[in-house]
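Asker: Quick one, structure for this:
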Amino acid sequence: MNDLLYNFLIEVATSTTFWLAVVGLALAAGIWIVVRPREHAPDHRDATGYDVAAADAQGRRERLAARAAELHRYAEEVAVAAERSTVTAQRHRDEWLAAQEAAEAAWRRYEAADAAASRIGAAALLPEPRTPRTPAEYAERERFLHRAAMAAATRHELSVLQLSDALANRNGWDPRRHPAEQEIVLRRVARDTLLAAHRAAEEREQAAWRDAEVAAAAARSLREEAFAAASRAEQLHRWLPPTAGKRGGPAGSGNARQQASGEIRQRRAARRWRAARAG
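Answerer: Residues are numbered from 1 along each chain as shown. The predicted structure follows:
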């Protein structure tokens, strides 16, 4: 019995020693795996002790910072162009509104002239009043034609060329007609003149509308481009790696100033874009 107990204790001690050795070897291997890369990490310093990896990271950061600053400047320039284009678009819109009002006013004048010509035309069905055909009567008829033509030109119902023809008694303007007949001719000519003026006003209104649409599209495109450039610059700024000079010194101060300048340009570009978009 004593021999059996003795052998059992010997085997337990041996097994314990074995497993402790295995655990110790495993622990040593784990420590070696963790520590080995740090001990044998590749050294990026050259023969003079200059850290090439740090210099590459700093150069990459400077290139990214320069690109971000360039995008900020571009965004500011496009924002300024968008503001000017917005002002131009507003001016074209005002011109279109004025042309639209002018076309509507020309149409109202034509309607009034057409109604007057219709009323006077109905009088043509009546027989012409009999008046003595004397030189004084013909002189009075001529004076009536001239006065009526000048009054119509004052109301912009006759053009300058038509008024000149009426005063010169040419191109269908006959001073020998009865004043009632002259009034009918005058109203019809005024109606045709105002219709042509309305059509010309419509063409100007359509041209102004096209100019306003083109200017508005250009302003919208510039605002979108300014916003896209500011967004790219902001995203690129977030991608910048941290600097090694944050501990202080001239390098850290220069990077801080550059970063602050970039943020100021970014905020300025964003304000310009919002102002242009609001316009």
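Asker: List the contacts of stretch 164-172.
Answerer: With contact meaning C-beta atoms under 8 Å, 6 or more residues apart in numbering, stretch 164-172 is reached by 142, 145-146, 149-150, 158, 173, 175, 185. The way it works is simple: take the backbone N, C-alpha and C, and place the C-beta from them, glycine included.
Asker: same thing with stretch 134-142?
Answerer: 131, 169, 175-179, 182.
Asker: among those, which ones are buried?
Answerer: 175, 177, 179, 182 (16 or more other C-beta atoms under 10 Å).
Asker: export those residues to TSV and tack on distance to residue 164, pLDDT and secondary structure?
Answerer: Output for those, formatted as TSV (distance: C-beta to C-beta, whole Å; pLDDT from 0 to 100; DSSP: H, G, I helix; E, B strand; the rest coil):
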residue	distance to residue 164	pLDDT	secondary structure
175	15	86	coil
177	19	83	coil
179	21	83	helix
182	17	87	helix
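Asker: Looking at those, spot the one nearest residue 234.
Answerer: residue 182 (76.9 Å; C-beta to C-beta).
Asker: right, and the closest one touches residue 147 too?
Answerer: No - between residue 182 and residue 147 there is no contact under C-beta atoms under 8 Å: 10.4 Å.
Asker: what helix or strand is residue 91 on?
Answerer: In the assignment (DSSP states H and E), residue 91 maps to helix 52-122.
Asker: which element follows that helix toward the C-terminus?
Answerer: Moving toward the C-terminus from helix 52-122, the next helix or strand (DSSP H and E) is helix 135-154.
Asker: what comes up buried for that following helix?
Answerer: Residues of helix 135-154 classed as buried by neighbour count (16+ other C-beta under 10 Å): 141-142, 144-146, 148-149, 152-153.
Asker: sorry, back to before: can you pick out the most distant pair from the contacts of stretch 164-172?
Answerer: 142 and 158 (16.7 Å).
Asker: hang on, residue 173 in a helix?
Answerer: No - Residue 173 sits outside any helix when classified using DSSP: H, G, I helix; E, B strand; the rest coil, being coil.
Asker: How much space separates the closest residue in space to it that isn't next to it in sequence from residue 137?
Answerer: Leaving out its chain neighbours, the residue that sits closest to residue 173 by C-beta to C-beta, 6 or more residues apart in numbering is residue 166, at 4.5 Å. Using C-beta to C-beta, to the nearest Å, residue 166 is found at 19 Å from residue 137.
Asker: Show me the shaky parts of the stretch 51-200 of the chain.
Answerer: 51-59, 121-132 (pLDDT under 70).
Asker: Does anything pack onto the helix holding residue 91? Which helices or strands?
Answerer: helix 179-238, helix 249-278 (3 or more C-beta pairs under 8 Å, 6 or more residues apart in numbering; DSSP states H and E).
Asker: Which of those helices has the lowest mean pLDDT?
Answerer: Mean pLDDT is lowest for helix 249-278 among the helices and strands packed on helix 52-122, at a mean of 51.
Asker: can you pull the contacts of residue 211?
Answerer: Listed by C-beta under 8 Å, 6+ apart, the contact set of residue 211 reads 92, 95-96.
Asker: do that again at 6 Å, thanks
Answerer: Shown in contact with residue 211 (C-beta atoms under 6 Å, 6 or more residues apart in numbering): residue 92.
Asker: Please determine how far it is located from residue 96.
Answerer: When distance is defined by C-beta to C-beta, residue 211 is 7 Å away from residue 96.
Asker: Equivalent analysis for residue 111, please.
Answerer: Taking C-beta to C-beta as the measure, residue 111 falls 23 Å from residue 96.
Asker: Looking at the two, which is more packed in?
Answerer: When neighbours are counted by other C-beta atoms under 10 Å, residue 111 and residue 96 differ, and residue 96 comes out ahead with 21 against 14.
Asker: Spatially nearest residue to the more buried one (excluding sequence neighbours)?
Answerer: residue 208 (3.9 Å).
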